[in-house]
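1. Model the structure of this input:
(chains A and B)
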There are 2 protein chains.
Amino acid sequence: MEDMIRVGLIGIGNMGSAHASAVGGGWIQGLRLDAVCDIDEERLALCMERNPSVKGYTDWQALVADESLDAVIIAVPHPMHATIAMAALRAGKHVLTEKPVDVSVSKAKELNEVAKSSDRVFAIMFNQRTNPLFAKAREIVRSGQLGDLQRTVWIITNWYRTQNYYNSGTWRATWSGEGGGVLLNQAPHNLDLWQWICGMPSEITAFCDIAKYHKIEVEDDVTIFARYENGATGVFITTTGEFPGTNRLEISGTRGKLVIEEGKLKWWKLDQDTQTVSREAGSTFSFQQEVETIPQTIPETAHAGILQNFSDAMRFGTELLSPGTDGIFELSISNAAYLSSAKGSVPVALPLDGKEFDALLAKLVEASSEKNGKADKMYNTKYHERWQIRW
Amino acid sequence: MEDMIRVGLIGIGNMGSAHASAVGGGWIQGLRLDAVCDIDEERLALCMERNPSVKGYTDWQALVADESLDAVIIAVPHPMHATIAMAALRAGKHVLTEKPVDVSVSKAKELNEVAKSSDRVFAIMFNQRTNPLFAKAREIVRSGQLGDLQRTVWIITNWYRTQNYYNSGTWRATWSGEGGGVLLNQAPHNLDLWQWICGMPSEITAFCDIAKYHKIEVEDDVTIFARYENGATGVFITTTGEFPGTNRLEISGTRGKLVIEEGKLKWWKLDQDTQTVSREAGSTFSFQQEVETIPQTIPETAHAGILQNFSDAMRFGTELLSPGTDGIFELSISNAAYLSSAKGSVPVALPLDGKEFDALLAKLVEASSEKNGKADKMYNTKYHERWQIRW
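-> Have a look, this model is predicted:
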C-alpha cells in the first residue's frame, strides 16, 4: 500500500461536504481525497471546484469500481449505507460509513457477513466515542468497578430541530428517505454509546410519538424502557422538540454510581457491595463513599478523530475505535423500539431477528410521502458545531 | 372549641411515636396529646410513661368514641388508614392521616365522600410539600411560566433499605400488611409531589420488579411511563435497592426547563415558545436564555410543619397545605402502576375506576405471607433524619 490512502467520498451533502473539507484539506494524516460522488451535479461541480485535483462521479457504482481508490467514505441517506458498503468491500475497498450503518438490522447483518469475510478495514462514524468522558465511563463499567449493573438512565433531549431543518432535505424525516426520525438520525450516537458503555439490553419496550412537534412522518419524541440480561433496567429518553434539553447519563451499580452531565463525569465509589450490605447488615450500616469528579479536559476529536483512526487502521493496523460491525447494536435498539411501539409498546427481545421489522418498515416506506432521494441543499465546508456533543 | 386541640394518636410505631413526641412534647402550637392507642401493650405502656397525662387505648374504636377528643392522628399500617379516618370523621373528629391515604383507590374514594359531607378538617401527612423548592416548582409550572408541559422525569432512587429494615415489622413489605412495596411506603411522597407540581397523568404504564433486591413479597424497583392529557410524557423511577441513589426531578415545557437536585432548583427561562420558533423560524434562530438557580435557604418544616398547618386549620381555618382528599391522587398512580405491571405493562387510564385493582389486590392479599398486623419493634422518639428529603 502507498503511503497515502486514496479516498473516494460518496455523498457530499451536509455531512459529506464536511468530510470533503477534512480529507481534501489534508487535515487527516495518511488520507488523500481522490474522488467524490453525488447525484446532484451542481453540488458536485462546487465540490470539485474546491478540490480541483479530484475526480467527480455522479454514479456511486462507478466510483466503487475505480481501481485507483483504496477506501470509500459513505455519507448518503441512511437506506443506502449498507448497499454501498457491501459493494465497496467486495470491490476490495476499505470502508467508513456514516451512522447509522443502515436502517434495518437485516441489512446490517448482511453487511456484517460481507465485512467478516473481507480483509478490508470497515469503520463507522460514531464520533462521540472519541469523547474521553464516555470512554472513561466504559472503562469503569466494563472493568467491574461499578459492581453489578443495576440501572442506566440517559436523558438526551438536547437535539432541538425546527421545521425548517426538516424541510432542508426531501429525504429528511421520511420512512423511505431516512428510515426513521430522532432514533435514526440524531440518537444513534447516544444509543451506540449507551450499549458501548453498559452492554446490550435483552429487551426493549418503547413509546415513539410520531410528528409530535413537527410536520413529519416519523417520530420526534421517544421513551425507551430496557431490560438487561442480569435484571438491570434502563431508560432512554430523546426528542427533537425540546429546548434547551438535557444530556445526562446515569449508571448505577452495586458498588456505586456515575453521572455524565455538563462536561463532567461524577463517580461515587463505595467500599462495599450494596447488595451484600442489604443482605447482611444489622439495624445500622454505613458506606464509605468517595466521590471523584472528572472534568473533560481535552476536547473530543470527533469526526476528525474517527477519520484519523480509520486512516491509522488502514496504514498501521491500529485497532478501530468504532468498528463498522458495531453498527448493528444501536440499530437493533432503534429497530426494536419501532417494532415495540408499533405493536402497542409491547416488549421486544434482543438480539432482533429482523424480519418482523422489515415487514413493518416496508409498510411504512410504501406509505411514505418522500418524493426523491436528493440530499440537503445546505453546503457546509467545516464540521459544524451542531455535530459536537453539547452539554 | 377550646384553645388547645385535644389529640388522640392511633398507632405508636416508627412514625407514630415520633408524632407522640412532637405533640406530647408541646412542639406544635395549639395541639395537646390527650390519648394514644396501640395494640401492643408494651409499647403503649412505654409511651404513657413518657407522656404521663395521656389516656391509653388498645382499641382504636374506643379512642375514636372518646368524646373528650377533638382530633385524631392516624399512624397505623396503611390498609387501616381509611377505615379509621372514616370512623373518626363520622364521630366528629378532625383527622390527620399518615400517607398513603389507604392502599386502594376504592377505599380512598369512599373516604373522600365521607370527608366531603363532613365539616371537619381532614389532612394527610405529605410532609415533603413543605419543601420550598417543590412549592416553587409548583408555582412555576402552574402559573404557566414554563409554557406547555412537555416532559417530567423523576429519578428518586435514594430510598435504600436493607433486609433488616424489612424484617423490622411483620406487616412490612407484605400485600396484606402494607398493600405494596416502594410505591406504597417510600414513594408516595414523590408521587404526590409529582402530581402536585405537574398535574395528574392520564395514562400509566409500569414495570414493577418484585423482590428484586430483598426477600419480600412486593416490588422494590419500579419504572413508570406516564402520559398527560396534553400529550406530554413522564418517567418516574424508584427503588429501595440502590445506594447512594439519586433525587432529581426535571420538568420541561415550551418556555424552559427546571431541575430540582442536590437542594437546588435550576430554572432555564426562554424568551420565546420553542414550538412557535420551531414552526416559524428560518434557517437560523436563537433563544435568549436566562438561568436562575434557587438554593434551598430555609429547611423544610416537614412533619412538624404539616402538624402545625393541621392545628392552624382547625383553630383559624387556615388553608390546608395537604388536604386529605388529595391522598387519592398519588394512590391512583400507584394502583394503576400495580395494575399495569400485573397485566404485562399495558397502559392503564386515569382516573382509575378502582374495581379491577381491588380484585388484583384481593388475590395478592390472599396469597400474602404476613402473619399479623403488629407494628415495628423500633421506637424512635424524634423525627428521624431518614424521613427528611435527602439530596
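
2. how far away is the closest residue to A:K116 other than its chain neighbours from chain B?
-> Using Cβ to Cβ, 6 or more residues apart in numbering or on different chains and skipping residues adjacent in sequence, the residue nearest A:K116 is A:T325, 7.3 Å away. (Each C-beta comes from the backbone N, C-alpha and C, glycine too.) A:T325 is 31 Å from chain B, where distance means Cβ to the nearest Cβ, to the nearest Å.

3. and the helix or strand harbouring A:K107, how far from the chain's centre?
-> When elements are assigned from DSSP states H and E, A:K107 belongs to helix A:105-116. Here helix A:105-116 is found 16 Å from its chain centre; the criterion is Cα atoms, centre = their mean, to the nearest Å.

4. just checking, what packs against that helix?
-> Helix A:105-116 is packed against helix A:81-90, helix A:327-342, helix A:355-366, with contacts defined by 3 or more Cβ pairs under 8 Å, 6 or more residues apart in numbering or on different chains; DSSP states H and E.

5. Out of these, which is closest to A:V153?
-> Evaluated over the helices and strands packed on helix A:105-116, closeness to A:V153 peaks at helix A:327-342, with 15.0 Å, by Cβ to Cβ.

6. rewinding a little: hey, which of the helices and strands packed on helix A:105-116 is tucked in deepest?
-> helix A:327-342 (a mean of 26; mean count of other Cβ atoms under 10 Å in any protein chain shown).

7. so the residue located most distally from the centre of chain A, which of the three states?
-> Farthest-out residue of chain A from its mean C-alpha position, per Cα atoms, centre = their mean: A:S283, at 47.7 Å. Secondary structure for A:S283, judged by DSSP: H, G, I helix; E, B strand; the rest coil, is coil.

8. Could you measure from it over to B:E385?
-> Here A:S283 is placed at a distance of 15 Å from B:E385 (Cβ to Cβ, to the nearest Å).

9. repeat for A:C37
-> A:C37 is 67 Å from B:E385, where distance means Cβ to Cβ.

10. More neighbours: which of those two?
-> A:C37 (28 against 7; other Cβ atoms under 10 Å in any protein chain shown).

11. Now that one. Nearest residue, chain neighbours left out?
-> Nearest residue to A:C37, sequence neighbours excluded (Cβ to Cβ, 6+ apart): A:Y57, at 3.9 Å.

12. The one you found: how many residues sit nearby?
-> Under the neighbour criterion other Cβ under 10 Å, A:Y57 is assigned a count of 21.

13. Could you do A:G181 as well?
-> Neighbour number of A:G181 under other Cβ under 10 Å is 33.

14. A:A304 should be in a strand, yeah?
-> No - per three-state DSSP, A:A304 lies outside any strand segment and is helix.

15. check contacts around it.
-> The contact partners of A:A304, by Cβ atoms under 8 Å, 6 or more residues apart in numbering or on different chains, come to A:A22, A:W27, A:I28, A:Y383.

16. now with 10 Å?
-> By Cβ atoms under 10 Å, 6 or more residues apart in numbering or on different chains, the contact list for A:A304 reads A:A18, A:H19, A:A22, A:V23, A:W27, A:I28, A:N127, A:T130, A:Y383.

17. neighbour-wise, which of those residues leads?
-> Top of these by neighbour number is A:H19, holding 27 neighbours under the definition other Cβ under 10 Å.

18. and that one, what does it touch?
-> By Cβ under 10 Å, 6+ apart, the neighbours of A:H19 are A:7, A:9, A:11-12, A:28, A:31, A:33, A:36, A:73-75, A:96, A:98, A:125, A:303-304, A:307, A:383.

19. change it to 6 Å
-> Applying Cβ atoms under 6 Å, 6 or more residues apart in numbering or on different chains to A:H19 gives the contacts A:L9, A:I73, A:A75.

20. least confident pick among the contacts of A:A304?
-> In terms of pLDDT, the lowest of these is A:Y383, showing 82.

21. follow-up on the earlier one: list the ones among the contacts of A:A304 that fall in strands.
-> Using DSSP state E, no member of the contacts of A:A304 sits in strands.

22. re earlier: can I assume the residue nearest to A:C37 is in contact with A:L63?
-> Yes - contact criterion Cβ atoms under 6 Å: A:Y57 and A:L63 qualify, at 4.3 Å.

23. what residues are shared contacts of the two?
-> Here A:Y57 and A:L63 have A:C37 as joint contacts, going by Cβ under 6 Å, 6+ apart.

24. Just the pLDDT for A:E250.
-> pLDDT, read off for A:E250, is 98.

25. what about it, neighbour count?
-> A:E250, neighbours per other Cβ under 10 Å, totals 21.

26. For whichever strand or helix holds it, which helices and strands make contact with it?
-> Using DSSP H and E, A:E250 falls within strand A:247-253. In terms of contacts (3 or more Cβ pairs under 6 Å, 6 or more residues apart in numbering or on different chains; DSSP states H and E), strand A:247-253 is packed against strand A:149-156, strand A:256-261.

27. Run me through the strand neighbours of the last one, direction for each.
-> I take that to be strand A:256-261. Sheet pairing for strand A:256-261, assigned by DSSP bridges, gives strand A:247-253 (antiparallel), strand A:264-270 (antiparallel).

28. Need the winner for burial among those strands.
-> With neighbours defined as mean count of other Cβ under 10 Å, the strands paired with strand A:256-261 peak in mean count at strand A:247-253, which reaches a mean of 24.

29. can you give me the angle that strand makes with strand A:149-156?
-> 180 degrees (axes from the mean of the first three to the mean of the last three Cα atoms, to 10 degrees).

30. Can you show me the CA trace of strand A:247-253 as CSV?
-> Taking Å, rounded to 0.1, in the frame of the first residue of the first chain, the C-alpha atoms of strand A:247-253 are listed here in CSV:
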residue,chain,number,x,y,z
ASN,A,247,-27.7,15.4,28.1
ARG,A,248,-27.4,13.3,31.3
LEU,A,249,-26.3,9.7,31.6
GLU,A,250,-26.6,8.0,34.9
ILE,A,251,-25.4,4.5,35.6
SER,A,252,-25.9,2.7,38.9
GLY,A,253,-24.2,-0.4,40.1
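
31. Not counting that strand itself, show me its contacts.
-> A:146-156, A:158, A:258-261, A:391, B:242.

32. circling back to that earlier point, surely the residue nearest to A:K116 forms part of a helix?
-> Yes - assessed with three-state DSSP, A:T325 lies in a helix.
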